[in-house]
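Student: just a sequence and a predicted model for now, questions to come.
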There are 2 protein chains.
Amino acid sequence: MACEEAFFKKLRERGFRLTPQREMVLSVLHQIGDFATAEQIHDKVHALSSSVDISTVYRTLDLFEDFRMVSCVERGDGQRVYELLGMHGPHLHLVCSGCGSVMGAELDLARPLAVCLREDYGFEVDVNRLHIPGFCHECQPVSGEAATVEKR
Amino acid sequence: MACEEAFFKKLRERGFRLTPQREMVLSVLHQIGDFATAEQIHDKVHALSSSVDISTVYRTLDLFEDFRMVSCVERGDGQRVYELLGMHGPHLHLVCSGCGSVMGAELDLARPLAVCLREDYGFEVDVNRLHIPGFCHECQPVSGEAATVEKR
DNA sequence: CTTGTTATTGCCATTATGTGCAGTTACTAT
DNA sequence: ATAGTAACTGCACATAATGGCAATAACAAG
Ligand SMILES: [Mn+2]
Ligand SMILES: [Mn+2]
Ligand SMILES: [Zn+2]
Ligand SMILES: [Zn+2]
């Protein structure tokens, strides 16, 4: 595919190498299309080549993130999910603290806030990495009683 | 202190118990004043009572977070830092991807975004938990070349 | 004060992720 | 094609954080 070729070229331009492991992770991300955990990705890569280690998957996802090809979201449970950008394009991530679902949102909505923070604090917001905690439509907290603490 | 008493009362009102461990963690957080890792907190608690386990510290910090007394920030390195609210009051957290520093910012700046997301997506933003990635004044990325990837 | 209930703790196992290192392999230049 | 360089990998291990569980202790009631 064309988009992959462009990525491979950029890789080499910057001194990185194109390895079968990286090709496989990228291919698997394409195949999945949706969010996936490192382990889910590793499972599919493992099916293609059983010697690939999960640490390589982590390192590859990290690299893809640096290249802005993949976005990573910390889900409510202690696991991260990774998503291939480029098809949906960059977007905000609304992460529901109730059900753990992740919703994409128009990135431009965060622009005014970014401008404020640059002007008032000299802080350059990385809007691509912004993920916003809260509650989705199904999980609205009991109105009025905002700070209810659940017994364990 | 008065603010601690108020918290202890709220604890019991909701069926939680006031234990020496919880008192110690709260006292240590006061003493530290700044951000601290779970391990730093545990060290100081351990000095007061050497049998307290770090898992208890984690659970206590979790509880304090539920009570909105403590705010937790995922720092760049794989560690979280905890901060006692109430003195500074709630605020946004600007987390620098360069140096790992955390800056507090006026919470109201995020209000317009929250309104947009509620109206457009039915998503109720939890502004207290919002932390914003980017680069502080000292760590401004090379302008123009946004997506520079470092060799490892 | 004594007793009962059950939230909480300490301990230990487990999970998700990161790292050091020596052997391997992709790329470059001859 | 061959050889040199250094990026990359697999493996083993380290680390931060979480979860199960039986023993403990905080609180309420008598
Ligand atoms: Mn997304
Ligand atoms: Mn703060
Ligand atoms: Zn939800
Ligand atoms: Zn910085």
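Tutor: Sure thing, it's come through. Ligands and ions are numbered 1, 2, ... in the order given.
Student: from here on, contacts and neighbour counts on C-alpha atoms
Tutor: Fine.
Student: walk me through the domains of chain A.
Tutor: Domains of chain A are assigned by automatic domain parsing as A:1-88, A:90-152.
Student: pLDDT below threshold where in chain A?
Tutor: A:1-2, A:87, A:142-152 (pLDDT under 70).
Student: and it, which residues reach chain B?
Tutor: A:16, A:66-68, A:94, A:105, A:109-110, A:113, A:116, A:121-127, A:129-137, A:140, A:147-149, A:151 (C-alpha under 8 Å from any C-alpha of the partner chain).
Student: in contact with residue A:122, which residues are there?
Tutor: Contacts for residue A:122 (C-alpha atoms under 8 Å, 6 or more residues apart in numbering or on different chains) come out as B:136-137.
Student: may I have the phi/psi pair for the residue in chain A positioned nearest to ligand 4?
Tutor: Nearest residue of chain A to ligand 4: residue A:123, at 8.9 Å (C-alpha to the ion). With angles defined as degrees, to the nearest 10, residue A:123 sits at phi -110, psi 130.
Student: correct me, but it touches residue B:137?
Tutor: Yes - taking contacts as C-alpha atoms under 8 Å, residue A:123 lies within contact range of residue B:137: 5.8 Å.
Student: which of those two has more neighbours?
Tutor: residue A:123 (25 against 13; other C-alpha atoms under 10 Å in any protein chain shown).
Student: that one - nearest residue in space that isn't next to it in sequence?
Tutor: Nearest residue to residue A:123 in three dimensions, chain neighbours excluded: residue B:136, at 4.7 Å (C-alpha to C-alpha, 6 or more residues apart in numbering or on different chains).
Student: quick one: contacts for that neighbour?
Tutor: By C-alpha under 8 Å, 6+ apart, the residues touching residue B:136 are A:122-124, B:95-96, B:98, B:101.
Student: buried subset of the residues you listed?
Tutor: Burial by neighbour count, judged by 16 or more other C-alpha atoms under 10 Å in any protein chain shown, picks out A:123-124, B:95-96 from the contacts of residue B:136.
Student: looking at these, which are in strands?
Tutor: Counting by DSSP state E, the part of the buried ones among the contacts of residue B:136 found in strands is A:124, B:95-96.
Student: spell out which parts of chain A neighbour DNA strand C.
Tutor: Proximity of chain A to DNA strand C (C-alpha under 7 Å from any atom of the strand) is limited to residues A:12, A:17-20, A:37-39, A:55, A:58-59, A:78-81, A:151-152.
Student: mark which of the residues you listed are buried, thanks.
Tutor: By neighbour count, with 16+ other C-alpha under 10 Å, those hold A:37-39, A:81 as buried.
Student: just the CA coordinates of the host helix or strand of residue A:28, formatted as PDB?
Tutor: Here residue A:28 sits within helix A:20-32, counting by DSSP states H and E. The C-alpha coordinates for helix A:20-32 follow below in PDB (Å, rounded to 0.1, in the frame of the first residue of the first chain):
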ATOM      1  CA  PRO A  20       9.800  -8.000   9.300                       C
ATOM      2  CA  GLN A  21       8.600  -7.500  12.900                       C
ATOM      3  CA  ARG A  22       7.700  -3.900  12.100                       C
ATOM      4  CA  GLU A  23       6.000  -4.900   8.900                       C
ATOM      5  CA  MET A  24       4.000  -7.500  10.800                       C
ATOM      6  CA  VAL A  25       2.900  -5.200  13.600                       C
ATOM      7  CA  LEU A  26       1.800  -2.600  11.000                       C
ATOM      8  CA  SER A  27      -0.100  -5.200   9.000                       C
ATOM      9  CA  VAL A  28      -1.800  -6.500  12.100                       C
ATOM     10  CA  LEU A  29      -2.800  -3.000  13.200                       C
ATOM     11  CA  HIS A  30      -4.400  -2.600   9.700                       C
ATOM     12  CA  GLN A  31      -6.100  -5.900  10.000                       C
ATOM     13  CA  ILE A  32      -7.600  -5.100  13.400                       C
END
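Student: can you list the strands that whatever helix or strand comes next after it pairs with?
Tutor: As assigned by DSSP H and E, the chain's next helix or strand after helix A:20-32 is strand A:36-37. Next to strand A:36-37 in the sheet, as set by DSSP bridges, lie strand A:80-84 (antiparallel).
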